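Asker: Build me a model from this:
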Amino acid sequence: MTVTHNDVAISPQEAAALVDLILDRYHAVHRVEVPALIRLARRVQTQHPDAPRDLVPLLERMRANLDAHIQKEEDGLFPAMRLAEPVAVAAVEIMRDEHDDHAKHLRDLQRLTNDHVPPAHASPEWRQLYAGTRKLADDLAEHIRLENEVLFPRFGA
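Answerer: Reported below is the predicted structural model:
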């Protein structure tokens with residue numbers, strides 16, 4: 001079956017390729033990198049009293065929200081999309097709303113890390129942490145864009 005929307009068709013092969021890209025490039029990477037960033041942020045906080053104290057709780061909230069969001073996509077939305085079957089617009093709208101929440105967290109992350117720029121006196125670990133938060137922010141923004149602007153519209157949402 002091929003899904004069409006506004007005369008744009010997506011075959012099961014195209015749908016599966018897009019879903020696989022998201023799973024491999026973003027979901028799998030977030031599952032590894034976010035917990036590593038939390039561990040690193042804890043070390044930096046322990047070593048540097050002037051490191052942002054709200055960073056670990058923010059990263060933990062981000063991890064919890066991402067884990068729940070990813071699980072919903074992998075258990076519900078993506079299996080249907082993989083087969084290029086129609087999906088409920090309401091389900092996609094829930095994902096988009098959650099993307100908006102992720103974007104808010106990214107703004108908070110940017111603010112807490114001074115746009116991912118460590119202070120001049122920062123240790124190598126602190127610099128590594130902020131390089132990691134920048135990568136997370138860039139990856140998550142691209143992940144959201146890919147789903148919102150490429151994947152979801154192909155399913156009429």
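
Asker: Enumerate every residue touching Y26.
Answerer: 139-140, 142-143, 146 (Cβ atoms under 8 Å, 6 or more residues apart in numbering). Glycine gets a C-beta too; all of them are placed from N, C-alpha and C.

Asker: cutoff 7 Å now
Answerer: By Cβ atoms under 7 Å, 6 or more residues apart in numbering, the contact list for Y26 reads 139, 143.

Asker: repeat for R39
Answerer: Taking Cβ under 7 Å, 6+ apart as the definition, R39 has no contacts.

Asker: what separates the spatially most distant residue from the centre of the chain from R43, distance-wise?
Answerer: Each residue of the chain has a distance to the centre, and by Cα atoms, centre = their mean the biggest one is for H121: 30.0 Å. Spatial separation of H121 from R43 under the definition Cβ to Cβ, to the nearest Å is 17 Å.

Asker: what's the answer for R154, then?
Answerer: Counting by Cβ to Cβ - R154 and R43 are separated by 42 Å.

Asker: Ok, A16 next?
Answerer: As it turns out, when the distance is counted by Cβ to Cβ, A16 lies 40 Å from R43.

Asker: Closest to the centroid, which residue in this structure?
Answerer: L140 (3.6 Å).

Asker: For that residue, pull up the helix or strand it's in.
Answerer: Assigned by DSSP states H and E, L140 falls within helix 124-145.

Asker: And the contacts of that helix?
Answerer: 22, 26, 29, 33-34, 37, 40-41, 43-44, 48, 51, 99, 102-103, 106, 109-110, 113, 116-118.

Asker: got it, and stretch 58-65?
Answerer: 34-35, 37-38, 41, 101-102, 105, 108-109, 112.
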